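Enquirer: A predicted structure for the sequence below; I have some questions about it.
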Amino acid sequence: MATEQTNDINIDAVITWVNGDDLTWQHKINTYLDTKIDFSKKAESTRYNAIGEVQIAIASIIKFAPFIKNIYLVTDNQVPQDFVALSTKAQEQGVNLEIIDHTVIFKDYEEALPSFNSISIEIMLYRIPNLSEHFVVFNDDFFLMRATSPEDFFINGMPILRGSWEKFNEDRTLRVYYQKLLKLIGKEPDPNRTSFKRLQQQSAMLAGTKKYVRRYHTPMSVRKSTLVDYFHEHEDLLKKNISFRFRDKSQFLLSSLSEHLEIKKGTFHYTKDTQLTYFRSYKKPSSVKKKLAQFIDDPSKIFVTFQSLEKADPALLIYIKDWISARLTS
């Protein structure tokens, strides 16, 4: 792998966020949907619900990644609750916290707006004005819960890739059985739905690698020039990818495209250790509490992802928020 001369680099953080409780935004998305979302029903609106995750994500970066001097929050004409207080806290720590509207990163591509597609939005993040060459992309449910250093994201200026090496042959057996099961219980599988794994493979193939790194729910380390150079030569792919207002199974991902372009050039570092504690189910509170305790006991863990945290029952949610608060204030 190629090397660079110094570790002394500027690193920015970028967070994508939407406030699904915003009535204006709810009206906007339903204007473009054939099947409208009933936001009064939790089952329909879960994907867009927010219970303060973005505030936690920002606070965790300020506390546990003091080397980051710019945090860019990318939104659709929205401002999170407590943003002024967060901005003040960031300023006190020498951090610039700034909101970047979709209209800024989609400049000259306004025909793709409004976009409700996280895949399309993420691929445009490299266009944030004054963004550093090295930046880390967070979802609003990606949290740092232990002190980090620049070398947790870049080594000698090259991004760290976390995941497992796999072949381009997604195992379809379980998916076929899953689709048959759906039909047995009277549900038709969504023909437009594709797996995260499949999207990663499609994205990696664009870079022309022989294998791919299957990534998980951790922050993404990106070099801006890698994407600038690629889309200078492939603007047609960029335009097609952002043309979908909602997710489409033909799309490619920022993370996998960027990572595999680096793999192709040999400008990367790899580890199979994700350093992640990941939560998707909250049905067994004892299991959740056990995993939180294990995080404390394992100093190698630095990332915690709480997917769909609003699904936790009220008592467990209080427990989790208290655990997070203790980490951020210790």
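Expert: Received it, and whenever you're ready, just let me know what you need.
Enquirer: Check which residues of the one helix or strand residue 86 maps to are buried.
Expert: With elements taken from DSSP states H and E, the one containing residue 86 is helix 83-92. Applying a neighbour-count criterion of 16 or more other Cβ atoms under 10 Å, one finds 83, 86-87, 89-90 buried in helix 83-92. Yep, even glycine has a C-beta here, placed from its N, CA and C like the rest.
Enquirer: Also stretch 258-275?
Expert: 258-264, 267-269, 274-275.
Enquirer: how about the helices in the stretch 101-250 of the chain?
Expert: Assigned helices in the stretch 101-250 of the chain, in chain order: 102-105, 118-123, 173-184, 196-207, 224-233, 235-242 (criterion: DSSP state H, counting those that start in this stretch).
Enquirer: Those into TSV, with extra columns for mean pLDDT?
Expert: Rendered in TSV, the data for those read as follows (pLDDT from 0 to 100):
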stretch	mean pLDDT
helix 102-105	98
helix 118-123	97
helix 173-184	62
helix 196-207	92
helix 224-233	98
helix 235-242	97
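Enquirer: Any stretches of the stretch 151-300 of the chain with poor pLDDT?
Expert: 170-183, 185-194 (pLDDT under 70).
Enquirer: Contacts only, for residue 242.
Expert: Under the criterion of Cβ atoms under 8 Å, 6 or more residues apart in numbering, the neighbours of residue 242 are 106, 109, 112, 115, 120, 123-124.
Enquirer: Now flag whichever of these is closest to residue 32.
Expert: Residue 32 has its nearest neighbour among those in residue 115, at 9.6 Å by Cβ to Cβ.
Enquirer: So what's the residue count around the closest one?
Expert: Each residue near residue 115 was counted by other Cβ atoms under 10 Å, and the total is 21.
Enquirer: quick one: contacts for the residue sitting nearest the centre point of the chain?
Expert: The residue at the geometric middle of the chain, judged as the C-alpha nearest the mean C-alpha position with Cα atoms, centre = their mean, is residue 139 (3.2 Å). With contacts defined as Cβ under 8 Å, 6+ apart, residue 139 is in contact with 15-16, 57, 217, 305.
Enquirer: what's near enough to touch residue 36?
Expert: Residue 36 makes contacts with residue 30, as judged by Cβ under 8 Å, 6+ apart.
Enquirer: Tell me the spacing between it and residue 11.
Expert: 41 Å (Cβ to Cβ, to the nearest Å).
Enquirer: Residues contacting the helix holding residue 86, please?
Expert: 55, 58-59, 62, 71, 80, 96-97, 99.
Enquirer: Emit the PyMOL select command for whichever of those residues are buried.
Expert: Of the contacts of helix 83-92, the buried ones can be selected in PyMOL as follows, counting by 16+ other Cβ under 10 Å:
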select buried, resi 55+58+59+62+71+80+97+99
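Enquirer: Who are the contact partners of the nearest residue to residue 99 once chain neighbours are set aside?
Expert: Here the nearest residue to residue 99 in space, its sequence neighbours aside, is residue 73; by Cβ to Cβ, 6 or more residues apart in numbering that works out to 5.1 Å. Shown here is residue 73, whose contacts under the criterion Cβ under 8 Å, 6+ apart are 15, 17, 54, 58, 80, 97-100.
Enquirer: any chance of these in a markdown table, plus secondary structure, pLDDT and distance to residue 297?
Expert: Supplementary listing: these in a markdown table, determined by DSSP: H, G, I helix; E, B strand; the rest coil; pLDDT from 0 to 100; distance: Cβ to Cβ, whole Å:
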| residue | secondary structure | pLDDT | distance to residue 297 |
| --- | --- | --- | --- |
| 15 | strand | 97 | 28 |
| 17 | coil | 95 | 31 |
| 54 | helix | 94 | 28 |
| 58 | helix | 96 | 27 |
| 80 | coil | 93 | 32 |
| 97 | strand | 98 | 32 |
| 98 | strand | 97 | 37 |
| 99 | strand | 98 | 37 |
| 100 | strand | 98 | 38 |
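Enquirer: So residue 301: helix, strand or coil?
Expert: Applying DSSP: H, G, I helix; E, B strand; the rest coil to residue 301 yields a three-state assignment of coil.
Enquirer: Spatially nearest residue to it (excluding sequence neighbours)?
Expert: That would be residue 295: by Cβ to Cβ, 6+ apart, it lies 5.0 Å from residue 301.
Enquirer: I'd guess residue 66 is in a helix, am I close?
Expert: No. Secondary structure assignment places residue 66 outside any helix; it is coil (three-state DSSP).
Enquirer: Next, count neighbours for residue 64.
Expert: For residue 64, which is what you asked about, the neighbour count (other Cβ under 10 Å) is 19.
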